[in-house]
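I would like the atomic coordinates for the input below:
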Amino acid sequence: MSSPPTCLDQIVSIFNLFHDGTIAKWEGDLTKLSLTIECDYLAQLPEPKTEKFTVILFNLSCFRLEFWEEKQLVSGMGAVELLVKENIKLEILSAKKEGDSAKISCLTDDSFLVGSNVFFNADKIQVLNFQKMPIEITHLTNVAKEYWRKFNLK
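Model prediction:
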């Protein structure tokens with residue numbers, strides 16, 4: 001029997017589901033960081049119709065932001081403050097485990113910044129719809145699989 005997924009496993013799975021989605025808003029700090037994610041294909045949820053998702057990360061550890069072009073690394077609360085203050089929008093490309101962190105690779109719509117990697121871990125992750133109701137990861141996974149199945153038939 002396999003062990004249940006760790007929070008790190010869940011983080012990687014969730015951010016991979018949001019592939020091509022955009023982190024449109026950052027709010028909070030290392031204790032509780034809320035991300036507003038726009039993801040058109042997952043917005044096809046049957047009911048209730050969801051245009052935006054909120055991902056809440058609780059008790060973040062080892063939070064780092066690495067800009068590709070500048071090879072600049074910002075860590076901890078400084079990285080969170082930068083993302084919140086500048087409201088840097090990141091398009092999610094992929095997520096994978098790297099050591100004890102999730103590595104989220106992203107593009108940006110900023111002409112100065114090409115993209116970045118965001119590294120972090122958290123004690124808990126929660127996904128909410130626009131009505132702030134929790135969404136099960138298995139439900140999101142099924143919606144994504146169905147979307148990509150239909151997409152590949154085109």
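
quick one: the strands in this structure?
For the chain, applying DSSP state E gives strands covering 22-28, 32-38, 52-58, 61-67, 72-75, 90-98, 101-108, 115-121, 124-128.

Excluding chain neighbours, give the residue nearest to Phe58 in space.
Lys124 (4.1 Å; CB to CB, 6 or more residues apart in numbering). Backbone N, C-alpha and C define where each C-beta goes, glycine included.

do the same with Thr36
Lys25 (3.8 Å).

you'd agree the one you found is up against Asn87?
Yes. Assessed by CB atoms under 8 Å, Lys25 is found in contact with Asn87 at 6.4 Å.

Now find how far off-centre stretch 139-154 is within its chain.
19 Å (CA atoms, centre = their mean, to the nearest Å).

okay, and for the chain, where does confidence drop off?
For the chain, the stretches with pLDDT under 70 are 1-2, 44-50, 70-72, 110-113.

what do you get if the cut-off is 80, keeping everything else the same?
For the chain, the stretches with pLDDT under 80 are 1-4, 41-51, 68-76, 109-114, 151, 154.

quick check: longest helix of this structure.
Secondary structure of the chain per DSSP state H: the longest helix is helix 137-153.

Dump that helix to PDB, keeping only the CA atoms.
Extracted in PDB, the C-alpha atoms of helix 137-153 (Å, rounded to 0.1, in the frame of the first residue of the first chain):
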ATOM      1  CA  ILE A 137      -7.600  18.000  -6.100                       C
ATOM      2  CA  THR A 138      -9.100  14.800  -7.600                       C
ATOM      3  CA  HIS A 139     -11.900  16.900  -9.100                       C
ATOM      4  CA  LEU A 140      -9.500  19.400 -10.700                       C
ATOM      5  CA  THR A 141      -7.400  16.500 -12.000                       C
ATOM      6  CA  ASN A 142     -10.400  14.900 -13.700                       C
ATOM      7  CA  VAL A 143     -11.500  18.300 -15.300                       C
ATOM      8  CA  ALA A 144      -7.900  18.800 -16.600                       C
ATOM      9  CA  LYS A 145      -7.700  15.200 -18.000                       C
ATOM     10  CA  GLU A 146     -11.000  15.600 -19.700                       C
ATOM     11  CA  TYR A 147     -10.000  19.000 -21.200                       C
ATOM     12  CA  TRP A 148      -6.700  17.600 -22.600                       C
ATOM     13  CA  ARG A 149      -8.500  14.500 -23.900                       C
ATOM     14  CA  LYS A 150     -10.800  16.600 -25.900                       C
ATOM     15  CA  PHE A 151      -8.000  19.000 -26.900                       C
ATOM     16  CA  ASN A 152      -6.000  16.000 -28.300                       C
ATOM     17  CA  LEU A 153      -9.000  14.900 -30.400                       C
END
